[in-house]
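J.: here is my input, please return the structure:
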Amino acid sequence: MASYAEIHIEQGRDLENSGTTIGLVGSTWAARKYQVVVRGEQSHTGSTIMADRRDALFGASLLVVAVRELAEQSTDTPLHTSVSEMTVLPNSPVVVAREVRMHVDLRSPDEALLDAAAKKLTESISGIEERASVTIEQVQTHGWAVAPFPAAGVELAAQAADDLGLSHQTVMTIAGHDSVNMKDVAPAIMLFVPSVEGVSHNEGEFTQDVETCAGTDLLAEVLHRLMSGALDSSR
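T.: The predicted structure is shown next:
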């Protein structure tokens with residue numbers, strides 16, 4: 001592969017707030033993703049006395065709160081945390097859950113902060129296990145560091161935007177796009193257009209037509225320059 005280019009909505013509010021048409025992605029946020037399994041013991045929701053319960057869903061709920069509190073405690077540097085997926089077994093209205101599987105997502109532009117948050121989350125597990133009488137298994141499944149996109153690609157896109165008369169600024173990508181991986185394979189360029197109110201992964205996603213067209217024009221110009229060998233020396 002010689003080079004790669006991608007365009008996307010920003011999934012944030014910075015471009016909209018600043019009145020800027022194009023975001024030129026210069027680097028990524030760092031991310032850590034975990035699969036967590038909380039194991040308890042299946043029992044009856046009505047007849048099992050509270051002291052005997054090993055409620056996996058209760059333990060999972062405590063962990064959800066702990067994950068959210070990590071973000072709330074980070075006031076100086078952004079830290080985004082989520083539990084985005086949960087599977088409860090046996091998922092019956094009259095059964096205390098025996099197992100919960102959940103996905104935990106931590107992201108920040110500061111790797112040291114991210115590492116500290118991950119450590120703090122791990123350290124909270126023993127207290128949750130004791131309080132809920134459960135066991136918790138945490139495995140990191142995926143992650144990436146703060147990493148720059150090729151500077152030559154950012155400059156190429158900036159020059160193309162200038163030639164088209166499009167306002168632009170360099171930004172970081174919080175989300176993990178194809179380009180985050182592709183930049184390690186070939187020179188990659190990532191472009192953003194404004195996202196109204198930052199709405200993303202929601203049917204309310206919207207970008208104004210004029211900005212969609214501007215982004216399309218810029219992508220076409222960037223692709224033309226790439227296909228003409230503008231980044232051949234970067235390979």
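J.: measure the residue nearest to residue 169 when sequence neighbours are not counted to residue 69 for me?
T.: In this structure, residue 169 finds its nearest non-sequential neighbour in residue 20, 5.1 Å apart by CB to CB, 6 or more residues apart in numbering. Heads up, the C-betas are built off the backbone N, CA and C, glycines and all. For residue 20, the distance to residue 69 equals 34 Å [CB to CB, to the nearest Å].
J.: between those two, who's got more neighbours?
T.: Residue environment comparison for residue 20 versus residue 69 gives the larger neighbour count to residue 20, 20 against 14, counting by other CB atoms under 10 Å.
J.: quick revisit: the residue nearest to residue 169 reaches residue 161, doesn't it?
T.: No. Proximity of residue 20 to residue 161 does not meet the contact threshold set by CB atoms under 8 Å, at 10.1 Å.
J.: overlap in contacts of those two?
T.: Residues touching both residue 20 and residue 161 (CB atoms under 8 Å, 6 or more residues apart in numbering) are 167-168.
J.: which stretches of this structure form helices?
T.: Counting by DSSP state H, residue ranges of the helices within the chain are 14-18, 56-73, 111-132, 151-163, 178-182, 209-227.
J.: let me have the ones you listed in CSV, extended by mean pLDDT and distance to residue 24.
T.: Converted to CSV, the helices of the chain look like this (pLDDT from 0 to 100; distance: least, CB to CB, whole Å):
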stretch, mean pLDDT, distance to residue 24
helix 14-18, 95, 11
helix 56-73, 98, 27
helix 111-132, 97, 22
helix 151-163, 97, 5
helix 178-182, 92, 12
helix 209-227, 97, 10
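J.: now residue 189. Nearest residue, chain neighbours left out?
T.: Distances taken as CB to CB, 6+ apart place residue 153 nearest to residue 189, at 4.2 Å, with adjacent residues excluded.
J.: just to revisit the earlier point, closest to residue 84 out of the helices of the chain?
T.: helix 56-73 (10.2 Å; CB to CB).
J.: from the contact counts, what lies against that closest one?
T.: Taking 3 or more CB pairs under 8 Å, 6 or more residues apart in numbering; DSSP states H and E as contact, the helices and strands that helix 56-73 lies on are strand 30-39, strand 80-89, strand 99-108, helix 111-132.
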